[in-house]
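Visitor: Make a model of this:
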Amino acid sequence: MAKTKKINIEPGMPIGLTLEPATYYRCTCGKSQNLPFCDESHSGSGLSPIRFKIKKREKVFLCGCGRTGDEPFCDGSCGVSLAGRD
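Guide: Numbering: from 1, shown residues only. This next block holds a predicted model:
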C-alpha cells in the first residue's frame with residue numbers, strides 16, 4: 001500500500017471533504033495541482049496514488065500528516081480529535 005507523503009506535521013490538519021459516491025485517488029507524491037487528489041504528476045517517481053471508494057455522499061477526513069493507520073482517512077494518530085467535526 002502506498003503511504004501518503006507527509007503533507008504537514010501539525011495536529012489539527014485533516015482534510016475535511018464532502019464527497020459524492022465515486023472512486024477517488026489520493027495523491028501520495030505531493031506534486032498534484034489538484035490536492036488532495038491525484039492528477040498523475042507522480043509519473044516516473046515510483047509513487048502511486050491511494051485508490052478509495054465512497055459508496056454514499058458523506059463527509060470524510062483525509063489524513064494530512066502521514067501517520068494514519070487507515071490510509072487515506074485520518075484516524076487521529078497525530079492527536080487530532082475528529083469528534084464534532086461533522
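
Visitor: Would you mind listing where the protein has pLDDT under the threshold?
Guide: Applying pLDDT under 70 to the chain picks out residues 1-12, 84-86.

Visitor: For residue 70, which non-adjacent residue is spatially closest?
Guide: What sits nearest to residue 70 in space, not counting adjacent residues and going by C-beta to C-beta, 6 or more residues apart in numbering, is residue 63, at 7.8 Å. From N, CA and C alone the C-beta is placed, and that goes for glycine too.

Visitor: Let me know how buried that neighbour is, in neighbour terms.
Guide: 28 (other C-beta atoms under 10 Å).

Visitor: likewise residue 43?
Guide: Counted with other C-beta under 10 Å, residue 43 comes out at 11.

Visitor: So what pairs up with the spatially most central residue of the chain in the strands?
Guide: The centroid of the chain falls nearest to residue 62 when counting by C-alpha atoms, centre = their mean (3.7 Å). Beta-bridge pairing for residue 62 (DSSP bridges): residue 15, residue 73.

Visitor: list the contacts for it?
Guide: Residues near residue 62 by C-beta atoms under 8 Å, 6 or more residues apart in numbering: 14-15, 17, 26, 36, 72-74.

Visitor: so how far is residue 55 from the closest residue in space to residue 13 that isn't next to it in sequence?
Guide: Closest residue to residue 13 apart from its sequence neighbours, by C-beta to C-beta, 6+ apart: residue 64 at 4.4 Å. Going from residue 64 to residue 55 by C-beta to C-beta, to the nearest Å gives 23 Å.
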